[in-house]
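*Asks:* sequence and predicted model, in that order:
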Amino acid sequence: MVFLKFLTLVNLNLEVNREMDTKRLMPFEHALELLLEKTTPRNIAESAPLFEALGRVAFEDVRALVDQPPFDRSPLDGYAVDHRDIACACREAPVTLRVAESLAAGDVPAGAISRGEAVRVMTGSLLPQNATCVVRQEDTDQGDAFKKGFVRIFRSHGEYENYCVRGEDFRCGQILTRRGDRLDGVRLGLLAGQGQSSVKLFPRPSICVLSTGSELLAAGTPPEPGKIYDGNGVTLASRAREVGARVVPGVILRDDPRELAGAMERFLPECDLLVSTGGVSVGAFDCMPQAGEMMGAGRLFHGLALKPGGAAMALEKDGKLLLCLSGNPFAAYATFELLAVPVLRKLAGETAHLPSKVKAVMADDFDKPSEIRRFLRARIEGERVFVPKKGHSPGMLSSLVNCNCLIDIPAGTPRLGRGETVEAVLFAPGR
Ligand code: AMP
Ligand code: MG
């Protein structure tokens with residue numbers, strides 16, 4: 001029985017080996033296109049308070065309902081005047097105006113300014129009618145040095161100098177945020193600024209990460225010889241959360257096709273995207289391809305023309321995608337970034353879901369030749385990109401800690417020298 005099982009695995013491996021024929025490896029862009037073609041956000045609006053909307057995606061265009069600011073206002077503490085009254089004012093010959101009233105921010109003026117009058121205003125005060133400029137208090141005697149109820153102005157001003165016009169930030173009817181925009185504090189601030197307390201959002205996509213490998217132990221359990229702890233589960237789930245996905249807790253699975261197929265069938269209805277790590281390459285116990293067949297999933301690709309993580313496979317079942325990635329922690333991270341993150345972003349309704357690429361200049365040498373296309377972990381700072389001195393194996397995670405991009409090295413590049421321009425895919429831009 002055990003022998004038969006082994007034979008099945010060997011047969012399967014031969015098949016996988018054929019699949020891994022380098023001529024049949026799919027370019028990354030093609031694979032991503034296939035995945036994105038199959039990805040549609042749920043077209044249902046959810047309403048959420050602004051304080052809970054950070055990182056979510058707007059479901060509809062939002063237009064300004066009001067002008068911002070809603071009234072002409074003072075940008076500083078000083079005196080609102082008619083600029084014609086102070087046309088000749090200078091320090092040697094100040095102009096004296098009667099202070100008609102004093103307004104704090106939030107007060108409403110009792111009346112319009114008459115010629116020869118000033119109104120004491122604070123930053124944010126609604127400006128009285130007929131005021132055409134505001135004099136900084138530093139350009140006056142502040143009203144008490146000369147005569148009570150009067151102020152001396154030391155400088156002339158142009159019309160609308162120090163004057164914030166109603167609607168100068170945005171005008172009523174202007175689009176403040178578009179359907180498909182990811183909401184950050186600034187966009188949310190624009191909505192709050194017009195008195196809006198909630199916003200319509202796309203539903204958050206959900207993801208489940210299954211960690212496969214008979215050598216895996218769950219964190220918190222005692223160590224065992226020959227075994228390692230599952231790191232991928234938490235790394236990928238955390239990255240998914242960074243891009244706004246809801247995480248359905250996954251499990252650790254052994255390298256057994258039946259167990260894998262059963263778990264994938266169980267978890268698929270629970271999430272929008274199912275991701276697994278491990279067991280997708282050409283080793284004797286890499287059973288993911290067989291598990292996919294057992295569960296009757298269609299195969300979109302198996303084997304990509306890239307390193308690391310080129311063994312990646314994509315399946316579809318019941319209108320949902322399953323992404324099976326290599327178990328090597330960096331390979332899993334890189335292919336998750338390149339393939340799963342854009343899918344999650346599109347599922348979330350985000351218009352700008354494609355990876356963001358930038359050009360940068362190599363600050364270090366990278367001597368390893370890249371026969372096939374390679375995505376190299378690195379850190380962009382300004383226009384320069386720094387490559388970690390060591391730790392480039394796909395199984396190593398620690399050198400990824402301070403990285404924020406993947407340098408895209410074309411196939412057939414013998415080496416990269418300091419000063420060369422490269423293209424890089426950005427991730428975790430805040431890092
Ligand atoms: P595989 O893709 O199954 O061939 O695994 C490649 C390497 O990644 C092996 O050294 C595994 O032990 C390791 N690995 C697989 N899954 C995980 C995981 N969840 N966390 C950390 N390492 C893993
Ligand atoms: Mg394995």
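*Replies:* Ah, there it is. Ligands and ions are numbered 1, 2, ... in the order given.
*Asks:* let me know the pLDDT of residue 96.
*Replies:* Note on residue 96: pLDDT of 96.
*Asks:* wait, what's in contact with it?
*Replies:* Neighbouring residues of residue 96 by CB atoms under 8 Å, 6 or more residues apart in numbering: 146-147, 150-153. From N, CA and C alone the C-beta is placed, and that goes for glycine too.
*Asks:* what about burial for these, which qualify?
*Replies:* With neighbours counted by 16 or more other CB atoms under 10 Å, these contain buried members at 151-153.
*Asks:* mind checking which helix or strand of this protein has the lowest mean pLDDT?
*Replies:* helix 2-19 (a mean of 41; mean pLDDT, DSSP states H and E).
*Asks:* pull up the pairing partners for the helix or strand hosting residue 98, direction included.
*Replies:* Using DSSP states H and E, residue 98 falls within strand 95-102. Take DSSP bridges as the rule and strand 95-102 pairs in its sheet with strand 117-121 (parallel), strand 150-153 (antiparallel).
*Asks:* turn the contacts of residue 96 into TSV, including pLDDT.
*Replies:* Shown next, in TSV, are those (pLDDT from 0 to 100):
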residue	pLDDT
146	61
147	72
150	96
151	97
152	96
153	97
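*Asks:* pLDDT at residue 266, what is it?
*Replies:* pLDDT at residue 266 comes out at 98.
*Asks:* any idea how far it lies from ligand 1?
*Replies:* 19 Å (CB to the nearest ligand atom, to the nearest Å).
*Asks:* which other helices and strands does the host helix or strand of that residue contact?
*Replies:* When elements are assigned from DSSP H and E, residue 266 belongs to helix 257-267. For helix 257-267, the elements it packs on are strand 206-212, strand 252-253, strand 273-277, helix 288-294, judged by 3 or more CB pairs under 8 Å, 6 or more residues apart in numbering; DSSP states H and E.
*Asks:* again, only this time at 7 Å
*Replies:* Contacting helix 257-267 under the criterion 3 or more CB pairs under 7 Å, 6 or more residues apart in numbering; DSSP states H and E are the following elements: strand 206-212, strand 252-253, helix 288-294.
*Asks:* residues contacting the last one, please?
*Replies:* The contact list for helix 288-294, computed with CB atoms under 7 Å, 6 or more residues apart in numbering, reads 12, 16, 212, 257-258, 260-261, 264, 276, 279-280, 299, 302, 313, 315, 324.
*Asks:* identify, from those residues, the entry nearest to ligand 2.
*Replies:* residue 279 (4.8 Å; CB to the ion).
*Asks:* what's near enough to touch the closest one?
*Replies:* 212-213, 255, 285-288, 327.
*Asks:* now neighbour count too, for those, in JSON lines please.
*Replies:* Listed next are the contacts of residue 279 as JSON lines, based on neighbours: other CB atoms under 10 Å:
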{"residue": "212", "neighbour count": "30"}
{"residue": "213", "neighbour count": "20"}
{"residue": "255", "neighbour count": "21"}
{"residue": "285", "neighbour count": "18"}
{"residue": "286", "neighbour count": "24"}
{"residue": "287", "neighbour count": "27"}
{"residue": "288", "neighbour count": "29"}
{"residue": "327", "neighbour count": "27"}
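*Asks:* dump those residues into a markdown table; add pLDDT as well.
*Replies:* Below are the contacts of residue 279 laid out as a markdown table (pLDDT from 0 to 100):
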| residue | pLDDT |
| --- | --- |
| 212 | 98 |
| 213 | 98 |
| 255 | 97 |
| 285 | 90 |
| 286 | 93 |
| 287 | 96 |
| 288 | 97 |
| 327 | 98 |
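*Asks:* run through the residues you listed and flag the ones next to ligand 2.
*Replies:* Applying CB under 5 Å from the ion to those, one finds that residue 213 fall near ligand 2.
*Asks:* how about the residue in the stretch 101-250 of the chain positioned nearest to ligand 2: what's its closest non-neighbour residue?
*Replies:* Taking CB to the ion as the measure, the stretch 101-250 of the chain has residue 213 as its residue closest to ligand 2, at 4.2 Å. Leaving aside its chain neighbours, residue 213 sits nearest to residue 278 (4.1 Å; criterion: CB to CB, 6 or more residues apart in numbering).
*Asks:* ok, the one you found - contacts?
*Replies:* Applying CB under 7 Å, 6+ apart, the residues contacting residue 278 are 211-213, 327.
*Asks:* what is the nearest of these to ligand 1?
*Replies:* Comparing those against ligand 1 with CB to the nearest ligand atom places residue 327 closest, at 2.4 Å.
*Asks:* tell me the secondary structure at the closest one.
*Replies:* Following DSSP: H, G, I helix; E, B strand; the rest coil, residue 327 is assigned to coil.
*Asks:* quick one, strands of the stretch 101-250 of the chain?
*Replies:* 117-121, 133-136, 150-153, 175-177, 198-201, 206-212, 216-217, 228-229, 246-248 (DSSP state E, counting those that start in this stretch).
*Asks:* cool, the stretch 301-431 of the chain as well?
*Replies:* Under DSSP E, counting those that start in this stretch, the stretch 301-431 of the chain gives strands at 313-317, 320-325, 357-362, 374-381, 384-386, 405-409, 421-426.
*Asks:* strand partners (parallel or antiparallel) of the last one?
*Replies:* Strand 421-426 has the following sheet partners, assigned by DSSP bridges: strand 357-362 (antiparallel), strand 405-409 (antiparallel).
*Asks:* now the angle from it to strand 374-381?
*Replies:* 90 degrees (axes from the mean of the first three to the mean of the last three CA atoms, to 10 degrees).
*Asks:* let me see the mean pLDDT of strand 421-426.
*Replies:* On average, strand 421-426 scores 97.
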